[in-house]
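Student: What follows is a predicted structure for the sequence shown.
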Amino acid sequence: MVTRIFLCNEQTEPEIRDFIREAIADISEGEQYIVTWNCGNIQTLKVGDRAYFKRIGSANQGYFAAGTIVPADREYQLKLRSARYRELSEAYDIDSEANNFRVWVAWDACVTFDEPLRTDYLRQLPNFQGMPLEPQTDAGVFREEYVRMLDREWEKQTQKAFRAGKGISLIDVYYRWGLEDIQQGFPQDALESFRQALKLNPNFIKAYLGLGDAHVSLREYAKAVGDYGKAISLRPDKARLAYFKRGEINFLLGQLQQAMADFQASIAIDPNFADAHMSLGNTYFKLKSYEQAIACYSRTMELSPNLDLAAFRRGRSHYILKEFPEALRDFSYAIELQPSNVDAYYYRGLTYSQPDIADETLAGDDLRKAIVLYQTQGKPDKAKKAKEFLETLAIDSLPKARPRSSYAIAASETDSVIDTTPEAIVAEVPLAMATSNDDLDDRDEESSKLIIATEAISNEVAISKAEEAISDLTEAIEKIMEVEKIVEKIVEVEKIVEVEKIVEVEKIVEIEKFVEVERVVDRVVEKFVDRVVEKVVEKPIPFSIEDPSTAEKLAMISVMAQYMRDGWMVRSVDKSQVGYDLECTKDGICEAVVIKSFTSDRESFAISAIEIENARSNKDFVLWVVSGAAENPELRCLRGRELFEQFDLDPLAFAAKVRQAVVQLEFVPVALEMPQFEQ
């Protein structure tokens, strides 16, 4: 198959602009546009040959349409009408003159006639140097070594024209359909769209990427790797995205070496591709090459400073390497970027609990936050793990009483005796302070001195003084036991405090569960209200239908039910003399509602002057007219001007006045002023 160039001069083809408009409409619907075109006396055109259409003559010479030569309908095929043309292809049409044949071409892309892919632009490109771009004859063959470059430039031109609303490409239509199918969860349909695009252009790289994405959605990973590989083979120097996507699949399949090679190839094409640096860091992390992972995450953060996941991953690498200050820095930065990054809270809590840091207060705060976030994010297993570690941390941080054997030393077990002189006791106080728990600082001073005296055994004291010290030692042991009891009580108190903290966390979780229950209750109540409203509205009410006040009440119920069904808050203001019956609010919108009813014996309703004034001047005014309120209510909503357009308003009213001499009614017509409605 070859690429042909068909020529078009608007002087000889005056309808060409109409053809282009029709073609754009057809192609946008996923259909090719069939045209017949003169090819002179050339008899070598074959079905499947690629065709470009070039504007000649006036200014703006260049390519405005592209397509493929297709078979003519059988009734028009020249080879079937005459034996002398049996060697021609099925593309030739019967409408021919001597030395002037016509063929059928299906357009799949075009731009407006005045904005073609200009020849003078192509002539300036290095890739077209030396290429004779001026056609020698109609339907002439374009030189094969330049075809791929022409296709690329034509693709850029159609995409640019499409964005400006001045062109279209069937390939792009199929491609966009494929992307939409993937986004909407129809990967099988997407495969068909991408394949249709590849039938038109087997070298369309983006279609292969789309095929790979569709196969990933279908979990057909081996096919996806093949699709991305095809895209790479077409343009290895421009395939940074194909390398990246193939690397992601290899990473998912556990083929880490292949994944690392793909990410590195993607970065070699585009050193500023942040996603590739991030994925390469993840690969190094999996391979336990944490120093390389840190370098990749650092580069990612240089390119994308707001990526909290890169900061968190770098912190994890530092944590594993026991570089705890650096880990704290990264976890804190990740939390700053994304306060809901629960893993960052969890690992920062672990870092604070390390001996080199040992800030158990901050560790506990972070772990409690992690527990709550894990629960709210639906991760109970991780919440349980964080809770268990918090409990372990709390137990480990409690002060521990020293065993009695370390205090009470029997005389038979040592060759030394205790120097119980005041000087000896005072001299040993600093040592006791250094070796005992800090929580013992505020305890009984005498007991502390006795503990010190018990521990301060001098090997140089004569055995003869041992008997004198036994009585003091016995008293000391008794007081030590009292101190131990105090210590144990303090330990118990601190345990209780820690348990209370844990209970507090559990209460937070329970509160969240209670909030969720309240939401469920709200939905149940809402359904119950709907059922009550349905009963109120749909069942006849045993009032006197002929009573106007009854009709007004039924109309009121119908309108209130309508608003309540739509989620409005309804408040009756009928007795407030504000000129309307209901005040309805929803999402910041307020409506001043007036309700009128038709009864069976009249087809009019009374409306007051203040209600008319509201209709004229209040932008929130709404009038509901209800007919058949007792049995099958019909509701009609009017706003502002519609009242004056759809109803004749009778402004007359009567006032009765009692004379002084006799009781006699005098009817005086009172005309209500009817102001004009303001737009």
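Tutor: Looks like it arrived, so ask away. Numbering: from 1, shown residues only.
Student: Map the structural domains onto the sequence of this protein.
Tutor: Domains of the chain are assigned by automatic domain parsing as 3-165, 169-235, 404-507, 548-671.
Student: Tyr92 reaches Lys79, doesn't it?
Tutor: Yes: taking contacts as C-beta atoms under 8 Å, Tyr92 lies within contact range of Lys79: 6.6 Å. Just so you know, the C-beta spots here come from the backbone N, C-alpha and C atoms, and that holds for glycine as well.
Student: coming back round to it: check the domains of the chain for me: which has the lowest mean pLDDT.
Tutor: Note on the domains of the chain: domain 404-507 shows the lowest mean pLDDT, a mean of 44.
Student: circling back to that earlier point, spit out the residues that contact Tyr92 and Lys79 alike.
Tutor: Common contacts of Tyr92 and Lys79 (C-beta atoms under 8 Å, 6 or more residues apart in numbering): Tyr85.
Student: Between those two, which has more neighbouring residues?
Tutor: Using other C-beta atoms under 10 Å as the criterion, Tyr92 and Lys79 rank with Tyr92 on top: 26 against 17.
Student: and the closest residue to the more buried one other than its chain neighbours, how many neighbours?
Tutor: The spatial neighbour of Tyr92 that comes closest, neighbours along the chain excluded (C-beta to C-beta, 6 or more residues apart in numbering), is Leu78 at 4.2 Å. Summarising burial for Leu78: neighbours were counted as other C-beta under 10 Å, giving 22.
Student: and the helix or strand harbouring Lys199, what other elements does it pack with?
Tutor: Assigned by DSSP states H and E, Lys199 belongs to helix 187-200. Using 3 or more C-beta pairs under 8 Å, 6 or more residues apart in numbering; DSSP states H and E as the contact criterion, the elements in contact with helix 187-200 are helix 170-183, helix 205-217.
Student: Surely Ala23 is in a strand?
Tutor: No: using DSSP: H, G, I helix; E, B strand; the rest coil, the assignment for Ala23 is helix, not a strand.
Student: ok, the residue nearest in space to the middle of the chain - contacts?
Tutor: Nearest to the mean C-alpha position of the chain, by C-alpha atoms, centre = their mean, lies Gln183 at 12.6 Å. By C-beta under 8 Å, 6+ apart, the contact set of Gln183 is empty.
Student: The residue nearest to Val35 when sequence neighbours are not counted and Ala311: what is the separation?
Tutor: Spatially, and ignoring its direct neighbours in sequence, Val35 is nearest to Val105 (5.6 Å; C-beta to C-beta, 6+ apart). Val105 is 57 Å from Ala311, where distance means C-beta to C-beta, to the nearest Å.
Student: what's the answer for Gly62, then?
Tutor: For Gly62, the distance to Ala311 - C-beta to C-beta - is 51 Å.
Student: Repeat that for Glu180.
Tutor: According to C-beta to C-beta, Glu180 and Ala311 sit 35 Å apart.
Student: cool, Gln292 as well?
Tutor: In terms of C-beta to C-beta, Gln292 sits 17 Å off from Ala311.
Student: Could you do Ala561 as well?
Tutor: Distance of Ala561 to Ala311, given as C-beta to C-beta: 55 Å.
Student: between those two, who's got more neighbours?
Tutor: The neighbour comparison of Ala561 against Ala311 (other C-beta under 10 Å) goes to Ala311, with 27 against 21.
Student: Can you name the residues that contact that one?
Tutor: Tyr297, Met301, Asp330, Phe331, Tyr333, Ala334, Leu337, Ala344.
Student: Quick check on the residues you listed: which are buried?
Tutor: Tyr297, Met301, Asp330, Phe331, Tyr333, Ala334, Leu337, Ala344 (16 or more other C-beta atoms under 10 Å).
Student: I figured the fourth one hits Leu350, correct?
Tutor: No: Phe331 is beyond contact range of Leu350, at 9.3 Å (criterion: C-beta under 8 Å).
Student: How are the helices of the stretch 301-450 of the chain distributed by residue range?
Tutor: Remark: helices assigned in the stretch 301-450 of the chain by DSSP state H, counting those that start in this stretch are 308-320, 324-337, 342-352, 360-376, 380-396, 404-407, 422-427, 429-435, 445-455.
Student: Show me what the second one is packed up against.
Tutor: I take that to be helix 324-337. helix 308-320, helix 342-352.
Student: any idea of the mean pLDDT in that helix?
Tutor: pLDDT averaged over helix 324-337 gives 95.
Student: Run the chain-centre distance for that helix.
Tutor: Between the centre of helix 324-337 and the centre of its chain there are 25 Å (C-alpha atoms, centre = their mean, to the nearest Å).
Student: got it, and the third one?
Tutor: With C-alpha atoms, centre = their mean as the basis, helix 342-352 stands 25 Å off its chain's centre.
Student: What of stretch 339-348?
Tutor: Distance, centroid of stretch 339-348 to centroid of chain: 20 Å (C-alpha atoms, centre = their mean).
Student: Only the buried residues of it, if you could.
Tutor: Residues of stretch 339-348 classed as buried by neighbour count (16+ other C-beta under 10 Å): Asn341, Val342, Asp343, Ala344, Tyr345, Tyr346, Tyr347, Arg348.
Student: Between all of those, which two are separated the most?
Tutor: Val342 and Arg348 (10.7 Å; C-beta to C-beta).
Student: Packed most tightly, which of the helices and strands packed on helix 187-200 would that be?
Tutor: helix 205-217 (a mean of 23; mean count of other C-beta atoms under 10 Å).
Student: Next, the angle helix 187-200 makes with that one.
Tutor: Taking axes from the mean of the first three to the mean of the last three C-alpha atoms, to 10 degrees, one finds helix 205-217 and helix 187-200 inclined to each other by 160 degrees.
Student: The helix or strand just after helix 205-217 packs against which elements?
Tutor: Per DSSP H and E, the first helix or strand lying C-terminal to helix 205-217 is helix 221-234. When contacts are defined as 3+ C-beta pairs under 8 Å, 6+ apart, helix 221-234 sits against helix 205-217, helix 240-252.
Student: quick one: which of these is nearest Pro271?
Tutor: Nearest of the helices and strands packed on helix 221-234 to Pro271, taken as C-beta to C-beta: helix 240-252 at 10.0 Å.
Student: Could you give the bridge partners of Ala51?
Tutor: The bridge-partner assignment for Ala51, based on DSSP bridges, gives Arg4, Gly67.
Student: show me what contacts it?
Tutor: Thr3, Arg4, Ile5, Phe6, Ala66, Gly67, Thr68, Ile69, Val105.
Student: again, but for Asn272
Tutor: Leu303 are the contacts of Asn272 under C-beta under 8 Å, 6+ apart.
Student: and it, how far is that from Arg314?
Tutor: For Asn272, the distance to Arg314 (C-beta to C-beta) stands at 19 Å.
Student: now do Phe186
Tutor: Note on Phe186: its distance to Arg314, by C-beta to C-beta, is 38 Å.
Student: What of Lys384?
Tutor: From Lys384 over to Arg314 (counting by C-beta to C-beta), the distance is 27 Å.
Student: neighbour-wise, which of those two wins?
Tutor: Arg314 (28 against 13).
Student: Same question for the nearest residue to the more buried one once chain neighbours are set aside, what's its three-state structure.
Tutor: In this structure, Arg314 finds its nearest non-sequential neighbour in Tyr297, 3.8 Å apart by C-beta to C-beta, 6+ apart. Three-state call for Tyr297 (three-state DSSP): helix.
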